[in-house]
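Asks: test case, fold it:
(one chain, ligands or ions: 2)
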Amino acid sequence: MAKPVSIEVWNPNGKYRVVSTKSMPGTRWIYLLIEQDCRVEICTEKKTILSVEDIIALIGHKCDGVIGQLTEDWGETLFAALSRAGGTAFSNMAVGYNNVDVNAANKYGVAVGNTPGVLTETTAELAASLSLTAARRIVEADEFMRAGLYDGWLPHLFVGNLLKGQTVGVIGAGRIGSAYARMMVEGFKMNLIYYDLYQATRLEKFVTAYGEFLKARGEQPVYWKRASTMDEVLREADVISLHPILDKTTYHLINKERLATMKKEAILVNCSRGPVVDEVALVEHLKQNPMFRVGLDVFEDEPFMKPGLAEMKNAVIVPHIASASKWTREGMAKLAALNVLGKIKGYPIWGDPNRVEPFLNENAPPPAACPSIVNAKALGLPVSKL
Ligand SMILES: NC(=O)c1ccc[n+]([C@@H]2O[C@H](COP(=O)([O-])OP(=O)(O)OC[C@H]3O[C@@H](n4cnc5c(N)ncnc54)[C@H](O)[C@@H]3O)[C@@H](O)[C@H]2O)c1
Ligand SMILES: O=C(O)[C@H](O)CO
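Replies: Ligands and ions are numbered 1, 2, ... in the order given. From the prediction side, this is the model:
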């Protein structure tokens with residue numbers, strides 16, 4: 001028998017019971033649910049990562065939908081429990097859903113939502129911040145100042161890398177990878193090389209147009225190249241940022257052999273998922289190559305780091321905060337709530353999950369649709385004509 005989990009209840013007499021495994025930013029998401037006759041229960045347990053047993057206790061005997069987090073293991077056990085409780089809807093408050101076994105959700109007829117689009121620019125901005133911070137050794141220099149070690153300007157003090165005119169490499173040029181590429185190209189006039197399974201046509205057009213604009217002004221233009229292999233990006237780029245999804249094809253995409261092909265003074269940034277990089281191999285590479293630098297938002301076994309990483313001066317490390325801007329986190333909460341609400345109410349699926357603005361408007365009711373359901377096709381859910 002699972003032990004009870006502490007909760008906060010909104011609209012106790014609501015017809016539909018929706019559970020959120022965490023408190024989420026803002027209150028708009030709560031009102032969107034209670035205005036549509038939902039009783040909302042928010043888990044208030046102090047523990048950061050809930051276990052499967054905790055979530056089973058939260059689901060209880062009657063539950064229409066759950067809003068969950070990327071730290072939770074949404075597999076067969078939880079989808080079976082949700083289905084037994086009469087639930088048909090689950091949404092991650094995240095765009096990545098590698099913590100969800102979608103086949104298990106399909107088996108129990110549960111829709112799986114995610115939150116694309118609203119976090120694209122915020123996440124890309126953090127990747128750009130990590131790129132700059134690593135290139136200009138900002139964390140090392142900050143620690144040096146605070147330690148009272150600065151005793152005057154020196155020609156060699158914290159010399160780093162200039163970005164202008166260098167090449168930025170993007171692996172996974174989807175929404176976030178493309179936004180990051182645009183920032184680095186436009187902001188720092190870097191050339192672009194990218195690798196993706198699909199052609200990033202809009203990104204290519206953007207870089208072409210920006211290159212022409214610079215040329216017309218008598219400035220050095222920028223260029224792009226779509227690499228035919230990932231290794232080409234690793235060999236040629238000065239700054240490489242990882243933005244693919246995490247699946248079998250991207251697990252340990254960056255390993256010992258591939259690190260060895262990168263430039264000795266390259267910068268590697270990871271704002272995708274930790275297991276995309278073999279972190280043990282990375283620590284070894286950082287030790288052997290002091291001029292090689294990394295910026296990491298994600299780690300292989302979060303919340304832990306592999307031994308030695310925290311001691312590396314050539315690593316900038318932050319705790320999975322890439323989407324952490326107020327607007328974005330409130331937006332993610334809204335999208336997750338609307339995914340669950342839409343499925344409960346029998347709404348169709350929004351036609352373009354990249355165009356989520358109508359769901360985020362504070363001053364107008366959201367469209368009667370589920371913003372983004374990743375298994376809509378498998379479940380045969382209808383698509384909205386809006
Ligand atoms: N650190 C964070 O807080 C944070 C925030 C948002 C997203 N993310 C991660 O970023 C990922 C990407 O998000 P997105 O919105 O850009 O998704 P997206 O689907 O738009 O982009 C992913 C891209 O990766 C490409 N891809 C897939 N397999 C590949 C492979 N083997 N090699 C190269 N490219 C491959 C896809 O073709 C796609 O273009 C998410 O799945 C999530 O895991 C992390
Ligand atoms: O996938 C995601 O959305 C992130 O990791 C958290 O924003």
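
Asks: residue contacts, residue 337?
Replies: Taking CB atoms under 8 Å, 6 or more residues apart in numbering, we find residue 337 in contact with 18, 20, 29, 30, 32, 33, 67, 91. Where you see a C-beta, it was placed from the backbone N, CA and C, and this is true even at glycine.

Asks: switch the cut-off to 7 Å
Replies: Counting by CB atoms under 7 Å, 6 or more residues apart in numbering, residue 337 touches 29, 32, 33, 67.

Asks: of the residues you listed - the most surrounded one?
Replies: Neighbour tally across the contacts of residue 337 (other CB atoms under 10 Å): the maximum, 27 neighbours, falls on residue 67.

Asks: helix, strand, or coil at it?
Replies: What DSSP: H, G, I helix; E, B strand; the rest coil gives for residue 67 is strand.

Asks: picking up where we left off before, pull the most distant pair out of the contacts of residue 337.
Replies: Spatially, the most separated pair among these is 32 and 67, at 11.5 Å (CB to CB).

Asks: would you work out how far apart the start and end of stretch 67-81 are?
Replies: Taking CA to CA, to the nearest Å, the first and last residues of stretch 67-81 lie 14 Å apart.

Asks: residue 177 falls within a strand, correct?
Replies: No - according to three-state DSSP, the state of residue 177 is helix, so it is not within a strand.

Asks: enumerate every residue touching residue 185.
Replies: Residues in contact with residue 185, defined by CB under 7 Å, 6+ apart, are 168, 192, 207, 210, 222.

Asks: any part of stretch 229-248 near ligand 2?
Replies: No - applying CB under 6 Å from any ligand atom, one finds stretch 229-248 separated from ligand 2 by no less than 9.0 Å.

Asks: could you list the buried residues of that stretch?
Replies: If you call a residue buried by 16 or more other CB atoms under 10 Å, then stretch 229-248 has these buried ones: 230, 232-244, 246.

Asks: so which of the residues you listed comes closest to residue 302?
Replies: When the buried residues of stretch 229-248 are compared for distance to residue 302 (CB to CB), residue 246 wins out at 12.0 Å.

Asks: am I right that the closest one sits in a strand?
Replies: No - remark: residue 246 does not belong to a strand; assigned using three-state DSSP, it is coil.

Asks: just give the number of residues close to the residue of the chain found nearest ligand 1.
Replies: For the chain and ligand 1, the shortest gap (CB to the nearest ligand atom) falls at residue 174, measuring 1.8 Å. Per other CB under 10 Å, the neighbour tally for residue 174 reads 21.

Asks: contact partners for it?
Replies: residue 243.

Asks: same deal with residue 231?
Replies: By CB under 7 Å, 6+ apart, the neighbours of residue 231 are 258, 261.

Asks: doesn't it lie inside a helix?
Replies: Yes - according to three-state DSSP, residue 231 belongs to a helix.

Asks: how close does it sit to ligand 2?
Replies: Using CB to the nearest ligand atom, to the nearest Å, residue 231 is found at 26 Å from ligand 2.

Asks: give me the pLDDT for that residue.
Replies: pLDDT, residue 231: 98.

Asks: cool, the one 3 residues further on as well?
Replies: Residue 234 is assigned a pLDDT of 98 by the prediction.
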